[in-house]
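Novice: Predicted coordinates and the sequence they were generated for:
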Amino acid sequence: MKKLINTPESVLADALAGIDAAHPELKVDHVNRVIYRAEPTRAGKVALISGGGSGHEPLHGGFVGFGMLDAACAGEVFTSPTPDQMQEATKVADSGAGVLHIVKNYTGDVMNFEMAAEMAEAETGVKVASVVVNDDVAVQDSLFTAGRRGVGLTVLLEKIVGAAAEEGQDLAAVTALAHRVNDSGRSMGMALTSCTVPAAGKPTFDLPDDMMEIGVGIHGEPGRHREKLADAASIAKQLVDPILADMDFTGSPAIVMMNGMGGTPQIELYIMYNEVAKLLKAAGVEVVRNLVGDYITSLDMAGCSVTILKADDEMLKLWDAPVNTAGLRWGV
Amino acid sequence: MKKLINTPESVLADALAGIDAAHPELKVDHVNRVIYRAEPTRAGKVALISGGGSGHEPLHGGFVGFGMLDAACAGEVFTSPTPDQMQEATKVADSGAGVLHIVKNYTGDVMNFEMAAEMAEAETGVKVASVVVNDDVAVQDSLFTAGRRGVGLTVLLEKIVGAAAEEGQDLAAVTALAHRVNDSGRSMGMALTSCTVPAAGKPTFDLPDDMMEIGVGIHGEPGRHREKLADAASIAKQLVDPILADMDFTGSPAIVMMNGMGGTPQIELYIMYNEVAKLLKAAGVEVVRNLVGDYITSLDMAGCSVTILKADDEMLKLWDAPVNTAGLRWGV
Amino acid sequence: MSTSTISLDQLIAWLSRFRDLVTEKQSYLTELDSAIGDADHGSNMVRGMNAVVEKIGAEPATAADALLKSVGMTLVTSVGGASGPLYGTLFLRMGVNAGPVTELDAAALGAALRAGLEGVVARGKAEAGDKTMFDAIAPALDAWDAAVADGADVAAAASVALAAADKGRLATEPLVARKGRASYLGERSAGHIDPGATSSTLLFQALDDTVSS
Amino acid sequence: MSTSTISLDQLIAWLSRFRDLVTEKQSYLTELDSAIGDADHGSNMVRGMNAVVEKIGAEPATAADALLKSVGMTLVTSVGGASGPLYGTLFLRMGVNAGPVTELDAAALGAALRAGLEGVVARGKAEAGDKTMFDAIAPALDAWDAAVADGADVAAAASVALAAADKGRLATEPLVARKGRASYLGERSAGHIDPGATSSTLLFQALDDTVSS
Ligand SMILES: Nc1ncnc2c1ncn2[C@@H]1O[C@H](COP(=O)(O)OP(=O)(O)O)[C@@H](O)[C@H]1O
Ligand SMILES: Nc1ncnc2c1ncn2[C@@H]1O[C@H](COP(=O)(O)OP(=O)(O)O)[C@@H](O)[C@H]1O
Ligand SMILES: [Mg+2]
Ligand SMILES: [Mg+2]
Ligand SMILES: [Mg+2]
Ligand SMILES: [Mg+2]
């Protein structure tokens, strides 16, 4: 295992110390592993809290700041944070206007956030709403399973809903918008290599030199299937087709994210974006905004994912609103 | 070789097509491989042009935009662009106030930019000044060799000098500032893995699982020496010590960049930043601004570099000035 | 030197033995989780049980309910992921069910464990055959109850429960997962033993080791 | 069927043969550049010489100066890196020196090549022993001039020049580089043959192949 770390055990604490040192505009609660804005939540503003396992940076800590999250809880690598962390985050971020928990759909994340909401409402009376993001078309949506994973759409949702909260929308409106965004976006990912979880010390899966995994999530889980390495154009098709098969993206402007998994250089992401843009154009999808870069990663995995959001006018307006975080910044 | 590409030959053309598709605020001359601002250079504004081999993204194309570059020439992967590209860039960006060429100190880059300047001045009468960035302390500076490489400081220089040009400073002032920035900064890098040049199809060097290269540049060149893998704290020391030995960074505020080489996830960069910040604090260096992320990369190489700039008041003010590029954005 | 009931000290010994077993099998648990999950079940269980052993060492409990609830809370607040709330709820509910006693007989311990399992189901909605820890715990408790009905003491019940848990765990191998992270793999989840069912089997192994020695 | 002078067609055949040789040796050149550089010398030379062959195929030249200058400009505008300006300047200066002729004898070709080398030095400031293409070209031209002084024709001069270039190229192996990218390696650059000296040797190989066949 080749990593710039001190020990597998200290990865999270050291990274949080680095975030603390690098960002005077953020505060870090090192005991509870909560990253929050140095400036307290404005009275009347709904607070947005997210969190999840670490290893997906800049998600979520890199999206704490004006126009996005108010606080983020960092779990161990690929392990959902615990309810007490979320409760601390809720406590520090709530201004009285209530809190929205943004949860990616994983059994662990959902259960821990559920417990946190139960505890917060029982103990402190904070109004907690939540949205569970489940946008990954690689996984079949079904009532009898854990359902679809939450992946790239989380980034777009945090941006758009963050802007709504910043604008002063109340908890009900912010929550409704969050569900609308979740219903309007889909993602699909692939991997060229496995990632290596520091504590495991070796790659999660073995992938021969001429093979790739299609339909991976963001935790180094094996994908839906494995096949021969192909060129960027074919890979783009394998990502875009299932998304378009799942939902109709024509007739409204779309926001597209071409996301890197952590080990993929930007030059490759632009090559992929080019292929994705061509496919969407051919399919009649009108892309009006885009992001190309590492936004929701899987440690050092080489690979990428595509997220498409069918945006209505409000979402588009909120997308363009100012945002000032370590990971996403414009208009300020 | 595992890469998200179509063919090794089409890497550059496809990536430029992706940049073109993703960034309406930029224009791309696909024949000459020049990325430039969609909005023409304001009359009276000195134009900043840089360029170099591809594979270092976001450098340079990602730094074209308000407050930084006016145009960037993209060479083949790790191969300096040619004089005719630079001439085209010069032609498209010059508003009459002259052009500054920002050149990283590599034999190829220097010779090609020299030829471009000779040609541009002879043929079009454009005033061309240039700065050759040579900040890499891994290489001994000497009159009898090619001298030190230009690496991370290029990013900081493009930001600061870009702000000066945006402010309306004339060619002489902008050039003098560029030299001052170059004289005030130093960098040092390391690699955990080699990169793979697409056309070569295999890693440039073999690095056993328990070894790292210290003192690498940004082209997959082997470093100054190779040694056993170590923890983040020791690696930070190996990067910071030679920088501080080369120049005194106390007594002025410093800007620090913790840069990823392309294959290193952000969580590791923050761990490294934490170690670097501790060392600088102990050495009495007052860090007032920082960047943590992938800014000048070496394809898919895993590794990092540290750049430190001793900033005077003007540099700091220009650093804080608005910038609006794909790779660096604030204050707008 | 087997035991017919279980004392507070033995409950503590059980937890400490469970910590040792997950530590010993940490890489195996992570390997199982690498195949159909995210390669952290070993470190999750070790982190949690280390916290538990530290906690109960620092704050000696005087009754089963307090002890077990503190174990549950410690797991909830130190593990995260799916196993944190699930194992946490298991122990929390066990504590509530056990009450402020200092000794449990086979029936009482069985009832507490059953309440724990119900908590797991309430949290995670798992059913038999979903390829989760349920598939080890449920048959273990069925075997436990049957043995107790036949007059077994704690030691005897623990022994049959362990055998049933292990059988249940092995039976997860061919299953296609319907719950947890492994369900994302669809058909590809078949052919691998479930990590959570394996750590749950270690829980019964630890109990058996504790009460039969 | 060797040649005493070199015609325009043979100059073109030389360049085309050089293209074939760098193509054949592309991976070897890149391998040498991987050891002490950035793994692109093979693709740089192939890209450049492909452009050259295409260019001279499309625009048949009528005199040596026009041909060689066009080759030089094509290399300058298609290669980039260090080798682009260096090989480009070599041919540009050769063209200027050769003048508007359609045939060159051994002395004239030697003088043109010498002018080309001076261009390389003017651009790159290399000296003997810096571990660059200079270390193959300079001894080759010294051998050429000596042979011509002894009355050699183009074929004979090309043959001794090739031998000297190859000797010079091999002699770069122990050197510590002082110019170009390899100089960053310091002592670690020793023990590897210089890629540019190797492609330059192929230039003389191509000439020898052309004029001796
Ligand atoms: N809904 C559920 N009900 C019961 N057990 C579950 C459920 N989801 C997951 N599990 C158990 O949790 C185990 C995985 O735990 P762990 O790896 O620690 O958490 P995570 O999946 O969050 O990484 C699985 O092997 C399975 O036995
Ligand atoms: N200053 C110089 N003078 C002469 N030749 C040089 C000089 N610098 C580099 N070279 C030659 O260029 C070769 C490398 O060419 P190439 O790999 O194509 O360019 P780059 O180094 O820019 O990647 C070296 O092997 C060396 O022979
Ligand atoms: Mg996990
Ligand atoms: Mg090169
Ligand atoms: Mg797991
Ligand atoms: Mg090279």
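Specialist: That came through fine. Numbers count the residues shown, from 1 in each chain, chains lettered A, B, ... in the order given. Ligands and ions are numbered 1, 2, ... in the order given.

Novice: When you work out contacts or count neighbours from here on, use the C-alpha atoms and nothing else.
Specialist: Will do.

Novice: Skipping adjacent residues, who's closest to the residue sitting furthest away from the middle of chain C in space?
Specialist: Using Cα atoms, centre = their mean, the residue of chain C lying farthest from its centre is residue C:187. It sits 26.6 Å away. Spatial nearest neighbour of residue C:187, chain neighbours left out: residue C:176 (5.7 Å); criterion: Cα to Cα, 6 or more residues apart in numbering or on different chains.

Novice: where does the one you found land in three-state SS?
Specialist: Three-state assignment for residue C:176 (DSSP: H, G, I helix; E, B strand; the rest coil): coil.

Novice: do you know how far it is from chain D?
Specialist: According to Cα to the nearest Cα, to the nearest Å, residue C:176 and chain D sit 48 Å apart.

Novice: quick one: that residue and residue C:128 touch, right?
Specialist: No - Residue C:176 is beyond contact range of residue C:128, at 12.0 Å (criterion: Cα atoms under 8 Å).

Novice: Tell me which of those two has more neighbours.
Specialist: Each of residue C:176 and residue C:128 has its neighbours counted (other Cα atoms under 10 Å in any protein chain shown); residue C:176 has more, 20 against 14.

Novice: Can you show me the CA trace of stretch A:94-108 as PDB?
Specialist: Extracted C-alpha coordinates of stretch A:94-108, given in PDB (Å, rounded to 0.1, in the frame of the first residue of the first chain):
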ATOM      1  CA  ASP A  94     -29.100  24.800  14.200                       C
ATOM      2  CA  SER A  95     -30.200  28.400  14.500                       C
ATOM      3  CA  GLY A  96     -33.700  27.500  15.500                       C
ATOM      4  CA  ALA A  97     -35.000  27.200  12.000                       C
ATOM      5  CA  GLY A  98     -34.500  23.400  11.900                       C
ATOM      6  CA  VAL A  99     -32.000  21.100  10.200                       C
ATOM      7  CA  LEU A 100     -32.000  19.100   7.100                       C
ATOM      8  CA  HIS A 101     -30.000  15.900   7.100                       C
ATOM      9  CA  ILE A 102     -28.600  15.000   3.700                       C
ATOM     10  CA  VAL A 103     -28.000  11.300   3.700                       C
ATOM     11  CA  LYS A 104     -26.600   9.100   1.000                       C
ATOM     12  CA  ASN A 105     -28.600   5.900   0.700                       C
ATOM     13  CA  TYR A 106     -26.400   3.300   2.500                       C
ATOM     14  CA  THR A 107     -27.800   1.100   5.200                       C
ATOM     15  CA  GLY A 108     -25.200   2.400   7.700                       C
END
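
Novice: Which stretches in the chain count as helices?
Specialist: No chain in the question, so chain A it is. Ranges of helices in chain A, per DSSP state H, are A:11-22, A:83-93, A:107-124, A:153-167, A:171-183, A:232-246, A:266-282, A:313-320.

Novice: wait, I meant chain C there
Specialist: Counting by DSSP H, the helices of chain C are C:8-24, C:26-36, C:41-58, C:64-78, C:83-98, C:106-124, C:134-149, C:154-170, C:195-211.

Novice: Tell me the gap between the last one and the middle of its chain.
Specialist: Pointing back at helix C:195-211 there. Its chain's C-alpha centre and that of helix C:195-211 lie 6 Å apart, by Cα atoms, centre = their mean, to the nearest Å.

Novice: Near residue A:106, how many other residues are there?
Specialist: The number of residues packed near residue A:106 is 27, by other Cα under 10 Å.

Novice: roughly how far apart are it and ligand 2?
Specialist: To ligand 2, residue A:106 is 48 Å away according to Cα to the nearest ligand atom, to the nearest Å.

Novice: Residue C:188 touches residue A:224, doesn't it?
Specialist: Yes - Residue C:188 lies in contact with residue A:224 (Cα under 8 Å); the separation is 7.4 Å.

Novice: Just put the helices of chain A in a markdown table and tack on mean pLDDT, distance to chain B and mean neighbour count.
Specialist: Below are these laid out as a markdown table (pLDDT from 0 to 100; distance: least, Cα to the nearest Cα, whole Å; neighbours: other Cα atoms under 10 Å in any protein chain shown):
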| stretch | mean pLDDT | distance to chain B | mean neighbour count |
| --- | --- | --- | --- |
| helix A:11-22 | 98 | 4 | 22 |
| helix A:83-93 | 95 | 20 | 24 |
| helix A:107-124 | 90 | 20 | 20 |
| helix A:153-167 | 98 | 16 | 25 |
| helix A:171-183 | 98 | 22 | 20 |
| helix A:232-246 | 98 | 5 | 19 |
| helix A:266-282 | 98 | 4 | 24 |
| helix A:313-320 | 98 | 13 | 17 |
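
Novice: Those helices: which one's closest to chain D?
Specialist: Smallest distance to chain D across those (Cα to the nearest Cα): 17.5 Å, for helix A:266-282.

Novice: now that closest one and helix B:11-22, what's the angle there?
Specialist: With axes from the mean of the first three to the mean of the last three Cα atoms, to 10 degrees applied, the angle from helix A:266-282 to helix B:11-22 works out at 60 degrees.

Novice: mind showing which ranges of chain C have poor pLDDT?
Specialist: By pLDDT under 70, the weakly predicted segments of chain C are C:1-2.

Novice: give the contact list for residue A:330.
Specialist: By Cα atoms under 8 Å, 6 or more residues apart in numbering or on different chains, the contact list for residue A:330 reads A:322-324, B:329-330, B:332.

Novice: sorry, back to before: JSON lines for the helices of chain C, including distance to residue A:294 and mean neighbour count?
Specialist: What follows is the helices of chain C, written out as JSON lines (distance: least, Cα to Cα, whole Å; neighbours: other Cα atoms under 10 Å in any protein chain shown):
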{"stretch": "helix C:8-24", "distance to residue A:294": "35", "mean neighbour count": "20"}
{"stretch": "helix C:26-36", "distance to residue A:294": "24", "mean neighbour count": "23"}
{"stretch": "helix C:41-58", "distance to residue A:294": "27", "mean neighbour count": "20"}
{"stretch": "helix C:64-78", "distance to residue A:294": "29", "mean neighbour count": "24"}
{"stretch": "helix C:83-98", "distance to residue A:294": "29", "mean neighbour count": "26"}
{"stretch": "helix C:106-124", "distance to residue A:294": "32", "mean neighbour count": "21"}
{"stretch": "helix C:134-149", "distance to residue A:294": "38", "mean neighbour count": "23"}
{"stretch": "helix C:154-170", "distance to residue A:294": "39", "mean neighbour count": "24"}
{"stretch": "helix C:195-211", "distance to residue A:294": "31", "mean neighbour count": "25"}
